[in-house]
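Visitor: Need the 3D shape of this:
(one chain, ligands or ions: 1)
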Amino acid sequence: MNEAAITLDGWYVLHDLRSMDWASWKLISKEERQAATDEFLVYLEKLQKADDDKTGGHAFYTIIGQKADFMLMTLRPTMDELQELEAEFNKLAIADFTVPAYSYVSVVELSNYLAGESTEDPYQNPHVRARLYPELQRSQYICFYPMDKKRDGDDNWYMLDMDKRKALMRDHSMIGRSYAGKVKQIISGSVGFDDYEWAVTLFSDDVLQFKKLIYEMRFDEVSARYGEFGSFFVGTILDGDKKASFFNM
Ligand code: VOV
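Guide: This next block holds a predicted model:
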């Protein structure tokens, strides 16, 4: 049997994408809209407190294009907490005016392809912990998409031996590293949790860097030969006054 990579698993992740039912939202009074927005802002403050306490993370972005209007990404130590947050959101007044657009369930993942030999417990390593339990920067832009590694005839990632996969992942990481300081990536595994095998979430203050990075990776064997992709979502941050003004009529 081929050797599976060993994964380190961090916080569970829910990408919750919604469209607004603007027509219904317009029909209620200004006061009702205000009350619903205020209630949602309290919910967002609660999420922010978990970020501040480092007991979780969240990101709130508008999505450009017709696929969704906004994305709320939440990260928590257990899947149960994600479920509770999702249910809590669904019970808010504003949720009645949203239509589910897409969702994705995964867990932040690091593989051992590039890890050196070590006897220490990786879960105690501060560098590893910073990646498994990421502190989300409030970057201007987000890019999210799910992906698979191909299993198709001769192009079967899962039939490659460990050494070959290590060599390919090294090349992948070299491209990634050349975007250090420009793009931050969170890779979360979703085998058994959702329709694809990973979620890719990228953050940047320069939206063009997503296109440059993803295009460059298309020429790298890991993506060129083995990558298969779902829908792409790109968004801009909703922070400060924008959190409320996004819902203003
Ligand atoms: C932004 C930069 C960047 C950097 C530095 C980077 C580095 C690394 C390293 C070092 C490693 C391996 C160890 C680990 O950390 O797990 C990975 C792992 C992975 N990556 Fe990556 N990746 C980046 C970026 C990056 C992008 C943009 C994509 C999407 C690919 C594309 O074509 O659209 C991607 C995908 C992945 C995946 C799906 C995995 C898991 C593969 C598996 O089989 O397990 N990744 N990645």
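Visitor: after the helix ranked longest in the chain comes which helix or strand?
Guide: If you go by DSSP state H, the chain has its longest helix at helix 30-52. The helix or strand immediately downstream of helix 30-52 is strand 57-63, counting by DSSP states H and E.
Visitor: Surely residue 191 is in a strand?
Guide: No - read with DSSP: H, G, I helix; E, B strand; the rest coil, residue 191 is coil and lies in no strand.
Visitor: what about the closest residue to it other than its chain neighbours, how many residues close to it?
Guide: Nearest residue to residue 191 in three dimensions, chain neighbours excluded: residue 197, at 5.2 Å (CB to CB, 6 or more residues apart in numbering). C-beta: built from backbone N, CA, C; applies to glycine. Applying other CB atoms under 10 Å, we find 20 residues neighbouring residue 197.
Visitor: and residue 197, what is it in contact with?
Guide: By CB atoms under 8 Å, 6 or more residues apart in numbering, the contact set of residue 197 is 146-149, 189-191.
Visitor: measure it to residue 117 for me?
Guide: Remark: distance between residue 197 and residue 117 (CB to CB, to the nearest Å) = 27 Å.
Visitor: same question, residue 164
Guide: 19 Å.
Visitor: Mind pulling the model confidence for the residue nearest to residue 191?
Guide: Turning to residue 197, the model gives it a pLDDT of 98.
Visitor: Check residue 209 too.
Guide: pLDDT, residue 209: 98.
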